[in-house]
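Chemist: When you get a sec, could you give me coordinates for this:
(one chain, ligands or ions: 2)
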Amino acid sequence: MAALLMEWNPATLATGINSVDQQHQKLIDLINRLHAAMLKGRSRDEAPAILNDLADYTVMHFKHEEDIFDRIGYADSVAHKKQHADLVAQVADLQDDAKAGKLAVGMETMEFLKSWLTDHIQGADFKYIDAMKAHNIA
Ligand SMILES: [Fe+2]
Ligand SMILES: [Fe+2]
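Modeler: Numbering: from 1, shown residues only. Ligands and ions are numbered 1, 2, ... in the order given. Have a look, this model is predicted:
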């Protein structure tokens, strides 16, 4: 079996909020699926469907976080939602290119998606951990 692009590593990626951590693992799985398709030389066929799934799941996950922000009156909500909107637009661009047959998935795309997720989790998501835990969000 080919090496995974990303692995779920609780030490560097876990927020400790269960619902969020499960969804982040699913996002990692989807990114790994695209990587596996690339390694098999099948990304031209498989990228459109995988990126559709990634885009849909990302929208669902961001809504999950944003609903919690609204419920607990999270102070950094506006900036965080803005980041989400930018990240969704970036995946939508890849999705559009894949659908048009213009996306050549290589390591550049894969490293982009890896940072796309990792940087947001570590940069923005980690900031809400205390606020969510203070409201007993799991
Ligand atoms: Fe997140
Ligand atoms: Fe987020």
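Chemist: which bits of the protein sit near ligand 2?
Modeler: Proximity of the chain to ligand 2, by Cβ under 5 Å from the ion, involves residues 65, 125. Backbone N, C-alpha and C define where each C-beta goes, glycine included.
Chemist: Identify the residues contacting residue 92.
Modeler: Shown in contact with residue 92 (Cβ atoms under 8 Å, 6 or more residues apart in numbering): residue 55.
Chemist: Check the gap between it and residue 122 for me.
Modeler: Distance, residue 92 to residue 122, using Cβ to Cβ, to the nearest Å: 23 Å.
Chemist: Same question for residue 95.
Modeler: Distance from residue 95 to residue 122, counting by Cβ to Cβ: 24 Å.
Chemist: neighbour count winner among the two?
Modeler: When neighbours are counted by other Cβ atoms under 10 Å, residue 95 and residue 122 differ, and residue 95 comes out ahead with 21 against 13.
Chemist: Settle this for me: residue 5 is touching residue 33, isn't it.
Modeler: No - judged on Cβ atoms under 8 Å, residue 5 makes no contact with residue 33 at a distance of 9.7 Å.
Chemist: Which helix or which strand is home to residue 45?
Modeler: Residue 45 is part of helix 43-72, with elements assigned from DSSP states H and E.
Chemist: tell me the mean pLDDT for that helix?
Modeler: Mean pLDDT, computed over helix 43-72, is 97.
Chemist: That one: how far from the chain's middle?
Modeler: Mean-position distance between helix 43-72 and its chain equals 7 Å (Cα atoms, centre = their mean, to the nearest Å).
Chemist: next one: stretch 110-123
Modeler: The answer for stretch 110-123 is 7 Å, by Cα atoms, centre = their mean.
Chemist: buried sites along that stretch?
Modeler: By 16 or more other Cβ atoms under 10 Å, the buried positions in stretch 110-123 come out as 110, 113, 114, 116, 117, 118, 120, 121.
Chemist: With just CA atoms, put that stretch into CSV.
Modeler: Coordinates of the C-alpha atoms in stretch 110-123 are reproduced here as CSV (Å, rounded to 0.1, in the frame of the first residue of the first chain):
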residue,chain,number,x,y,z
MET,A,110,-1.3,17.7,-2.7
GLU,A,111,1.0,19.9,-0.6
PHE,A,112,-1.4,22.8,-1.2
LEU,A,113,-4.3,20.8,0.2
LYS,A,114,-2.2,19.4,3.1
SER,A,115,-1.3,23.0,4.2
TRP,A,116,-4.8,24.2,3.4
LEU,A,117,-6.2,21.9,6.1
THR,A,118,-3.2,21.7,8.6
ASP,A,119,-2.6,25.5,8.7
HIS,A,120,-6.3,26.2,9.4
ILE,A,121,-6.6,23.6,12.1
GLN,A,122,-3.4,24.7,13.9
GLY,A,123,-3.9,28.4,13.2
